[in-house]
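*Asks:* quick check, what structure comes out for this input:
(2 chains)
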Amino acid sequence: MVELASWLASLPIGQTLRRLNWLVPWLQIIHILANGIILAAVVMIDMRIWGISRSLGSIAATRRYQAWIWVGLILLTVTGFLLILYGPRRLLTDVTFQVKMAVMGLAMVATLALQLVLRPGWATTDAALATDAPSATGVRSVTTAHTGRHALANVLATLTLVLWVGVTLAGRGRWITLLMMR
Amino acid sequence: MLSIKELMGFIESSGVGMTISQSRGWFPALEMIHVTATTFVFGMITIVDLRLLGFLARGSAVSDLYRDVIPLTWGAFVVAATTGILLFTGQAVAYSVNLAFQMKFVALALIGLNMLAFRRFVYPAIAKQDRDAPVPLAAKLAGGFSLAGWIAVVSCARWIAYLMV
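*Replies:* Next up, the predicted model:
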């Protein structure tokens, strides 16, 4: 890791960034905003899967939020890489950062798995959702039996959210470092 | 009559303020939760703002989206505000003279006014609209202003650390 960090530190782009270091707060800001988009998109998809969404009438409709997750991920990754290149030694050897990367890896796997499960083929469930009259609180429930697929979507939805919240927490998680230094 | 600086010093030397600034764990833990809550608030509000601007979620009625988003967002905002107040007490003097911190609160105030005006004057009309109805100009302006405002809040907040004395 230290060798990797040293090599990254020697790259021209990193040196340019260190010269233009006023860019760094702005990279961080875009990084945070992208993180927010991802969290929100995940929550909207999850609300549909859990049956508590008023604005999404079908599971197929979650596709627009899925696209936003990818937009967010691209921004997150580009700014993230640039931020690593700015200070590779400091970041790559930081335990909190390593935890964040590990959790993010899991989060991305969960996100992908969720999107694969949500591919077309939900006609039965969507039809059930469409014909369900909303209750007094506007909650629509799936009256068909919880098929295995819906149960899997439920689990992945929850897991994806928990993991992305974990990534966000770890992003400011110097607390983790403090704990591990005890 | 207390000066602002004296008032901030008073807050900072309170029990809460001293605990947060002197412990090793409180500040990072509070900051972690504060940033996460704020990030979430930004993301959720952006969904509504982009809908008002007509950039996404046009398949959903504004009122449906609003009802999905707003309760969760308020909850997260309360968490953000609470942790924010606690964080502030730890270094009240330094924060109060920090330009980025001051600008953050100006931006928050403006967003708050925008939201109040939106709910009072604009939302009642569009709440009855179905999803294909065009969004009135006032709502687009409110959405755009809100989006710009929240980006400003997040930006100022990130800059605070760089301007701390």
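*Asks:* for chain A, what lies in contact range of chain B?
*Replies:* Contacts of chain A with chain B, taken as C-beta under 8 Å from any C-beta of the partner chain, map to A:25-26, A:28-29, A:32-33, A:35-41, A:43-44, A:47, A:53-56, A:61, A:64, A:68, A:138, A:165, A:168-169, A:171-175, A:178. C-beta here means a position set from N, CA and C on the backbone, and glycine is covered the same way.
*Asks:* just the buried members of those?
*Replies:* A:28-29, A:32-33, A:35-41, A:43-44, A:47, A:53-56, A:61, A:64, A:68, A:165, A:168-169, A:171-175 (16 or more other C-beta atoms under 10 Å in any protein chain shown).
*Asks:* excluding chain neighbours, what is closest to the residue nearest the centre of chain B?
*Replies:* By C-alpha atoms, centre = their mean, chain B has its centre lying nearest to residue B:108, at 5.7 Å. Spatially, and ignoring its direct neighbours in sequence, residue B:108 is nearest to residue B:153 (5.8 Å; C-beta to C-beta, 6 or more residues apart in numbering or on different chains).
*Asks:* OK, contacts around residue 2?
*Replies:* With no chain named, the answer covers chain A. A:89, A:92, A:93 (C-beta atoms under 8 Å, 6 or more residues apart in numbering or on different chains).
*Asks:* that answer is for a different chain, and I need it for chain B
*Replies:* residue B:10.
*Asks:* which parts of the host helix or strand of residue A:100 are buried?
*Replies:* For residue A:100, the host element (DSSP states H and E) is helix A:95-117. Using 16+ other C-beta under 10 Å as the test for burial, helix A:95-117 gives A:96-97, A:99-101, A:103-104, A:106-108, A:110-111, A:113-115, A:117.
*Asks:* tell me the one of these nearest chain B?
*Replies:* Checking the buried residues of helix A:95-117 against chain B with C-beta to the nearest C-beta, the nearest one is residue A:96 at 9.5 Å.
*Asks:* what helix or strand is the residue nearest to residue B:157 when sequence neighbours are not counted located in?
*Replies:* In space, and not counting its chain neighbours, residue B:157 is closest to residue B:104: 5.4 Å by C-beta to C-beta, 6+ apart. When elements are assigned from DSSP H and E, residue B:104 belongs to helix B:99-117.
*Asks:* can you pull up the residues of chain B that come close to chain A?
*Replies:* B:24-25, B:28-29, B:31-33, B:35-36, B:39-44, B:46-47, B:56-57, B:59-61, B:64-65, B:67-68, B:72, B:151, B:154-155, B:158-159, B:162.
*Asks:* now, those that are in helices?
*Replies:* Among the residues of chain B next to chain A, DSSP state H puts B:28-29, B:31-33, B:35-36, B:39-44, B:46-47, B:64-65, B:67-68, B:72, B:151, B:154-155, B:158-159, B:162 in helices.
*Asks:* can you say which of the residues you listed are buried?
*Replies:* The neighbour-count test (16+ other C-beta under 10 Å) marks B:28-29, B:31-33, B:35-36, B:39-44, B:46-47, B:64-65, B:68, B:72, B:151, B:154-155, B:158-159 as buried among those.
*Asks:* can you list the weak-confidence ranges in chain A?
*Replies:* Counting by pLDDT under 70, chain A has low-confidence residues at A:123-146, A:173-182.
*Asks:* what's the first helix or strand after the longest helix seen in chain A?
*Replies:* Counting residues, the longest helix found in chain A (DSSP H) is helix A:23-49. Sequence order places helix A:63-86 as the next helix or strand after helix A:23-49, per DSSP H and E.
*Asks:* so how far is the helix or strand that comes right after that next one off the chain centroid?
*Replies:* Proceeding N to C from helix A:63-86, the next assigned helix or strand is helix A:88-92, under DSSP H and E. Relative to its chain's centre, helix A:88-92 lies at 23 Å (C-alpha atoms, centre = their mean, to the nearest Å).
*Asks:* which residues does the helix or strand of chain B with the lowest mean pLDDT contact?
*Replies:* For chain B, using mean pLDDT, DSSP states H and E, the weakest element among its helices and strands is helix B:15-22, scoring a mean of 86. Residues outside helix B:15-22 that contact it (C-beta under 8 Å, 6+ apart): B:11, B:12, B:26, B:27, B:30, B:86, B:87, B:89, B:90, B:91, B:92.
*Asks:* noted, bye for now.
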